[in-house]
Structure formats: C-alpha cells, structure tokens
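1. Next one to model:
(chains A, B and C)
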Amino acid sequence: MSDIQIDEHGCLRHLLTLEHLGHEHIQRLLDRAAALRDSARAGDPLPALLAGRTVVNLFFEPSTRTRTSFGLAARRLGAFVVDFDIANSSTSKGETLEDTLATLEAMHSDAFVVRHKQNGTPALLAAHARRAAVLNAGDGHQAHPTQGLLDLLTVRDHKGRINGLTVAICGDIRHSRVARSDVHGLAALGAYEIRLCGPQALLPSPGEFPGCRLVPDFDAALEGADVIVMLRIQKERIEHLPGLDETTYFARYGLTQARLARAHRDAIVMHPGPMNRGIEIASDVADGPQSVILEQVANGVFVRMAALAELLQR
Amino acid sequence: MSDIQIDEHGCLRHLLTLEHLGHEHIQRLLDRAAALRDSARAGDPLPALLAGRTVVNLFFEPSTRTRTSFGLAARRLGAFVVDFDIANSSTSKGETLEDTLATLEAMHSDAFVVRHKQNGTPALLAAHARRAAVLNAGDGHQAHPTQGLLDLLTVRDHKGRINGLTVAICGDIRHSRVARSDVHGLAALGAYEIRLCGPQALLPSPGEFPGCRLVPDFDAALEGADVIVMLRIQKERIEHLPGLDETTYFARYGLTQARLARAHRDAIVMHPGPMNRGIEIASDVADGPQSVILEQVANGVFVRMAALAELLQR
Amino acid sequence: MSDIQIDEHGCLRHLLTLEHLGHEHIQRLLDRAAALRDSARAGDPLPALLAGRTVVNLFFEPSTRTRTSFGLAARRLGAFVVDFDIANSSTSKGETLEDTLATLEAMHSDAFVVRHKQNGTPALLAAHARRAAVLNAGDGHQAHPTQGLLDLLTVRDHKGRINGLTVAICGDIRHSRVARSDVHGLAALGAYEIRLCGPQALLPSPGEFPGCRLVPDFDAALEGADVIVMLRIQKERIEHLPGLDETTYFARYGLTQARLARAHRDAIVMHPGPMNRGIEIASDVADGPQSVILEQVANGVFVRMAALAELLQR
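-> Okay, here's the model as predicted:
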C-alpha cells in the first residue's frame, strides 16, 4: 500500500495508509488542512480548488459520518460528488469491482473515496485506476488514514506538537483501523510512548504494533497520558467475550472522571465516534472540558479537503 | 415549542410550529416567499442567499415530497444539501440522536430539516443545537409549519386575505399535523370560522382546537365555505373504523362536484398530497378549475426558501 | 412515441425513441455531443447551459450506471439534479404516477429522466407533462435512445460514418432495448447491413426488426463485420433455456479473440455494460485493442448533455 500511494516524483498519488507515508507528507497535509480551516474561520469563501472535478463515494460498508464528511469537503471546494449506490449497482449484478471503477472513471471521475470491509480493497482499486486518485475511507481493520490525520491535527492544535507525547489508546485495538492509523501517524511524528489497552482478547498479536506498549490495565495506561483515544466497542464483540458484558466493560475500560484524573491534568480525550455512552466512555467525560471529540469531527472535514486538494491538484 | 423558536431579540431562531408564532412572523415569511416567487417568475436568477451554507435533511419518516421541496429550496438559494441516510446512520448503531446532531453540526451544518413520527423531536433537537437552526418538516400529529405557511400563502393569493374567511378542513383531523398547523396559521391571521369535519372517531378531542367548530356532517361543513382543505386519509385507518370502507368513506366524506357546489362559488379546493383519488376527493374536483393543489406545491418551495433564508441570515 | 417527441415546430420536445426520429435530429444530437466533448478535452470549462434548471431522475428500475451518467451530464452543465427515491415515494403510498410527475413539475422541474420496466411509461409521462421534457432512460425492452446515440457516436468516431457499415449485434435481442435503439439509429444513418444473432429463443419475432438479417450462427454473423455489439445476457435467462448454461453460452455466443478474427480487421467491439466476463465476452477481448467499451461510457455523458441541452434550451 505504501509504495503505490507515492508517484515517481515523490508526490502523493493515492491516500491509502499513513504507514511509511513519511512525516513530510503528513505534515504537509496537516498544514494544508489548518490553512483551509483558518480561511474558513476568517469567514473567507473557501477556494474552489476542485471546481469541475468529480469525486465518487464508493462505500461498501455503511457510514454516514465519514461519507458526509468527505462529501462536504469535496463540495465545499467546488467538486461534484456522486454517492454511488452499491446496493443497486452493477457490482450487485455480477460486474467486477474493477469494471465498476473503470466505468465510473470513464465518466471522468477524478477521485474515489472507498470504504470496504476487506483489507486491501482501496489498494486493489488504486492499482487499477488509470488517472483517478483513490482515498481510503477505511478498509477492514487495516487503515483509516484520514481519521489518523484528523486525530493528529486535533492533538497538534492542543499540544502544539506530537513529538514527545504519551498517548493511550483503549478499546478493541485488534480490530481497529483507527488505532492502526493513529499509531502510524503518531509514530511518524515522534510520539514518545503509545500505550495500547483493552481486554486481552482484543489486544493485537505480539509484534503487530512495533514500538507500542501493551498495557492491559486501564489505570496504568492512563497514568500521566497527554492524549487519550477511546475506541468504540461493538456491543456484539463484548457479548462474545467470556465474563464481559456492558457493565463489566464500563467498570474495567470505561473512561470516567475518576479515571481521567490519573492522566496528565491537561490531557485531551478523543473518540472517533459514534460513541456508546456509558460503555466505553462516561457521558460527563464525553461532554466535559477535556473532551475534544467535536473538534475531531470539525477537523475531519478540513483534513479531507486537504487530502482531496493534494491528490487532485497534482 | 413556541418559546424556543424565538430568540431573545424576538427573531425567529427555529421554525417548529405556527402555534403562538404571532402574525408578524407569519406575515413576514409569507411576504418573503411571495417576493422570491415574484423574482423567479420575472426570470431573475434567485439570490444566492444561502451560498456556502449547509442544510441537512434529517427525515426519520420517509417523505420524498417534502424532502425534495426543502432540498430544492435550499439548493436554489445556493446551499449545500445533505440528505442524511438514517437507515445506515450512526443513530442506527446506537448513537443518540443528540450526538448525531452534534456531529453533523460540528461539520458546520447550518440548518436541520427534521421529520419524525414522534411529537416533539424537532423541538428536542432545537434545544440541543448550538448554532444551527431546526426546521420542523412534520412531527407526529403535532405540527407541519411549512405546510401551514404554504397553505396560507395559497389562500392569500386567491382571496387577498385570510381575515374573515370560512375554512372547512375535512378528513382525519385527529391524527393530522397539517390540520393543526393550518388551524394555528388561519387563526393567527384572523379567519372567521374554521370547521373541522370527519368521521367521529377521527375528530379531535373536545377542546383541543379552541375556536374551531366540529361539524360532523360534510355537507354542513361545506356550506358557504371560502376554502376547503381535504386531508389524505390513510387506507389502513378507514379499515379499522367499524362500518367504513373506501366506498362508504367516499360517499360520506369524498369531495365531489355536487358537494363542492354547496361551498361559496369562488371556493378553492386544497389538498396537502399525496391524494387518494376516489377516496377523499373525486378526480374531476382534483383536476377542476377550483383546485389549487399544484399551486400549493409550487408555493411550498418558496415558503421553504423564505424560512431557510430567514433563519440562516440572522 | 415518435409523434409525441417532436413539437409543432419540428423541434425535439421529449426524447423517447430513435424510431422515426429522423436522421437530422440524430445527427444534430451527435454533433452537439461531439462539440461538448471537444470543449471538455480542450480543458475549457463546460458551458452552464442548464444553470438554474432542475432535472429529476425517476428510476423505477435500479441502474446506477445510466443514472450516474445522466446525473453527471446535468450537473456538469449547471443543473440541479434530484434523484427521486421511488421506494419511499408517494407513488409507493398509492399516488398515481401522473400525480407524482405533476407534483414534481409544480416544483419547477424542467426534465424527467425516466427508466421503467414497462414499455411506454416514459411516453405516458410525456403525454402528461405540462412544460417539462421527458427523457427515456430505458423502458421495458422497447427503447433506450441515449444508449443508441452513444453507440452511434462511438461508431462514427472510429469509422467516420455509419453509412455503409456492417454491424453484428449478438445476445438476447428479443428482450433488449439497446438492440432496438441501436437498430433504429443505425438504420436512420444508413448502415448497410445489421445482423442479429443469438439463441433461437432470444431472437425477435419475425418482422419485428424490418431490414435486419437474423443470423443464428455467431461465426456467420461476425464474418466481415465492421462493428460488433455484444449484449449483456442475464444469467437467469440462460438457465431457463433448455440445453444452455453459462459454459455452452460462451462456447456458442461468447466473443473470443479467435472469433473476433472473422470480423473486419479494424472491427470495433462494443458492449453496453455491465459485462459478464467469460459469458458473453472473453476478458482479453473486453480489454483488447479493438474494444471501445470505455469510450462508449465516456460518450454517454456527452450524449446526455447534448440531449438535455437540446430539450431544455428550446
């Protein structure tokens, strides 16, 4: 994935993963997102960087949140957005995914925003694209690079840097593309320590996250942390773990005010959403002064604008 | 509902109900809709009053008619429109409605157009909105203010005034948000008499519509009326009433040419649509010279433009 | 159908069928499509020919390919596009199709793009339209005029003319609206010979395609052909034919490199998509140098732009 996304001139050709992307590319995307945000906050009209371009949302998994964020990012920069209806599509009539892509590309689509439950589908489509750029909007448990970028931007806003920070990520690490993209991005920008916490069965295989510390005890994971990322836990997942239910999950891994006190007193609390209040996070923490959850959402639109502009203005 | 929709300066902050809205606000919305219509009819391009703004359609009940009308109103004034896909949304993944609203608002959504089968959902969301405006596109049987406004505009177009008119509303009054919003608007603008007619089981509780007359006999209700509003009757509703079926319903409450002759000879016939031809209204009446049903539809777009402009240009 | 689509001044009022449309109208649409394509290829912004106009997609059969193509065509010329959601529409609540059309037209819709499984639905709606234009996006097995036009444009691009060409169309001719519109267009522009090929049960009734040759043997049909149009075969259709399955279908009617060698050496291979690779067409032919399948897709957008511009700029 990491090879295919950089072209022969070292420019970003697709956005598939933050792994091995390199800190210059990441910084550049964050800076561009911040610049677009500055201009929006100043009340300036956003530049029509994507005027006349066409962006296709190819979501094979339902996701209104990410799809809406990408769609608004593209439209606010002047692009046409097509929300491709997979359920009624030719793909469902036996057409190969590659033919669907080629067909849409032949209609002069410039970018495909792809979400798929299988690892590697965006990379597969990128390998087949002739001219269009592919943006990974989440594949399997592998990568969700724009979520990683928006998390980095949010941390940078509050801490002024990534370098030297201690970050605790808690929840279903094993199945989380958010955790993987966060770790790739944080590591690239020099985070001091990344702690991964969660029920034993939901921690990653040993060696899968080199440089991270697995900290099964939540209190220990929080100790002195600058940044806390709480992951959404799927209710079905809990029910399949022996000895766990929603109540015991909250007791052991739910972020409460009392637990938050163990972190650095300026620690920020993040969550990619949608939240299960009362399961992985207490409501008063989600709505509390250390929560930056809605800022993450706001930054998501600007990060996606930056990625689209970067890819389509080559 | 009526308190929350006016801000501390007396300006419209949300549009939730016509009840207690006050005739100045209602007149202002009607005048603005009529002005936008004049400009469209003159062939002038519509002003980009909503350029750069984002309007989200949050329809928890299916409705293509009202959703399309709001969507076109917003887009023709320059807004981006998001048709939020409830079925695949985070709300369906256990996220609270308030969190879905907060998330979309964090993406810089400026207005939410809300339809919900439960009374009060738009008001609930309005109470949680930080900056965005909420427009009620129909909640339960409680209110459908833009339908009320477009009905008022249509009456005013034909009668020159609301003051002093006699209006007959016929059908399933008990469950009708259209009837309620019509009554609130007509009363605010000084209608002389509002008659409510329908099968006994579908008439409202006594005292629920103060100032209106319950007239169970349809012929009596029509006598001398200036305006006739026929409501859509749900076929399932008829089937649950003893002694009623579609044929007997039409015989007792269907508007035919013969019956229409009892009304004022310049009476106009209205219907919020979609119509059940041959059940609550005869086809020749629906298509006849006194029918203003398609004018209602056309006015709907302008009334929604006016409401969006009023709320988003504060 | 052919009468209703031309107005009293001889101008195109609706686009329902290529049958009896006349070669001047067809040439004019092809020329306009080619001119729009030239301007797009030169990097010029497309003219906002449809600024402020509203185009409604009324697809009663699922089709993302054609719907997306029409939608992009309309939007790139500046129109607002409404993707009408039939499943949740008033039509599904018992409203007549004519009332749905009238309602949408009252909202100032300028054009309706209609696909329906029943022959004649677009013509029926055209007969009821007051001011709006109706474009047939495929009705039953009767007509798919924009597919016919894009096929003509693609042939003209490669052969410089239609006049004098030999064209082989192969597959389920009987149920194919693509075959019918291709035949009508090719005949109008003077093709020398049109050969129809396919399993006996899927050939048309005798006399239904006057002027065409029915050639049951695929090899004979291909002999010396300038243009080959392979039709999608529905898998369910094959399964209902005695003695046929996907393997025998491919053996008898699948276009392979070996078979393609029987055609003229500059023959082009067309397919309306979505393709069943390995059933009606071999993968290496679909992706080979004689295939113009993706050019068809690209031309589709320009042909639809031309048709919309022609109809809405009267």
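
2. what's near enough to touch the residue nearest to A:L101 when sequence neighbours are not counted?
-> Once flanking residues are discounted, A:L101 sits nearest to A:L125: 5.3 Å by C-beta to C-beta, 6 or more residues apart in numbering or on different chains. Any C-beta I mention is one placed from the backbone N, CA and C, and that applies to glycine too. Listed by C-beta atoms under 8 Å, 6 or more residues apart in numbering or on different chains, the contact partners of A:L125 are A:58, A:97-98, A:101, A:112, A:114, A:134.

3. ok now stretch A:130-143, how far from the chain's centre?
-> On the basis of C-alpha atoms, centre = their mean, to the nearest Å, stretch A:130-143 sits 12 Å off its chain's mean C-alpha point.

4. near chain B, anything from it?
-> No. Figure legend: stretch A:130-143 not in contact with chain B (C-beta under 8 Å from any C-beta of the partner chain); closest approach 13.9 Å.

5. which parts of that stretch are buried?
-> For stretch A:130-143, burial by neighbour count (16 or more other C-beta atoms under 10 Å in any protein chain shown) applies to A:132-143.

6. Go through those residues and name the one nearest B:A298.
-> The nearest member of the buried residues of stretch A:130-143 to B:A298, counting by C-beta to C-beta, is A:A137 at 39.5 Å.

7. The closest one sits in which helix or strand?
-> Using DSSP states H and E, A:A137 sits in strand A:133-139.

8. so for that strand, what's the average pLDDT?
-> Regarding strand A:133-139, the rounded mean pLDDT is 98.

9. residues making contact with it?
-> For strand A:133-139, contacts defined as C-beta under 8 Å, 6+ apart pick out A:13-17, A:57, A:59, A:61, A:63, A:66-67, A:70, A:110-123, A:125-126, A:143-147, A:177, A:304, A:307-308, A:311-312.

10. And stretch A:255-266, by the same measure?
-> Applying C-beta under 8 Å, 6+ apart, the external contacts of stretch A:255-266 come out as A:158, A:166, A:168, A:170, A:218-219, A:222-226, A:228, A:230, A:267, A:269, A:280-282, A:284-285, A:288, A:290.

11. now with 10 Å?
-> A:158-159, A:165-166, A:168, A:170-171, A:218-228, A:230, A:250, A:253, A:267, A:269, A:271, A:280-286, A:288, A:290-291 (C-beta atoms under 10 Å, 6 or more residues apart in numbering or on different chains).

12. Can you tell me the closest non-neighbouring residue to the closest residue to chain C within the stretch 101-250 of chain A?
-> Residue of the stretch 101-250 of chain A nearest chain C, by C-beta to the nearest C-beta: A:A106 (3.8 Å). Nearest non-adjacent residue to A:A106, counting by C-beta to C-beta, 6+ apart: C:V297, 3.8 Å away.

13. Buried ones in the lowest-mean-pLDDT helix or strand in chain A, by neighbour count?
-> The helix or strand of chain A with the lowest confidence, counting by mean pLDDT, DSSP states H and E, is helix A:235-239 at a mean of 84. Buried positions in helix A:235-239, judged by neighbour count with 16+ other C-beta under 10 Å: A:237-238.

14. Also stretch A:214-224?
-> Residues of stretch A:214-224 classed as buried by neighbour count (16+ other C-beta under 10 Å): A:214-215, A:218, A:221-222.

15. tell me how far the ends of it are from each other?
-> Stretch A:214-224 has an end-to-end distance of 16 Å (criterion: C-alpha to C-alpha, to the nearest Å).

16. what's it in contact with?
-> Under C-beta under 10 Å, 6+ apart, the answer for stretch A:214-224 is A:166-170, A:173, A:193-200, A:203-204, A:206, A:208, A:213, A:228, A:251-255, A:258-265, A:267.

17. Run the chain-centre distance for that stretch.
-> For stretch A:214-224, the gap between its own C-alpha mean and the chain's C-alpha mean amounts to 23 Å (C-alpha atoms, centre = their mean).

18. Then stretch A:285-297?
-> With C-alpha atoms, centre = their mean as the basis, stretch A:285-297 stands 16 Å off its chain's centre.

19. In it, which residues are buried?
-> Counting neighbours by 16+ other C-beta under 10 Å, stretch A:285-297 gives A:285-286, A:290-297 as buried.

20. May I have it exported as CSV, CA atoms only?
-> Output in CSV follows, covering the C-alpha atoms of stretch A:285-297 (Å, rounded to 0.1, in the frame of the first residue of the first chain):
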residue,chain,number,x,y,z
VAL,A,285,-16.3,12.9,30.2
ALA,A,286,-17.6,12.9,26.7
ASP,A,287,-19.2,16.3,27.3
GLY,A,288,-16.5,17.5,29.7
PRO,A,289,-13.9,20.2,29.3
GLN,A,290,-11.1,17.8,28.3
SER,A,291,-13.2,16.3,25.5
VAL,A,292,-12.1,17.4,22.0
ILE,A,293,-14.5,14.9,20.3
LEU,A,294,-16.5,17.5,18.3
GLU,A,295,-13.2,19.3,17.3
GLN,A,296,-12.1,16.0,15.8
VAL,A,297,-15.3,16.0,13.7
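
21. With that, I have no additional questions.
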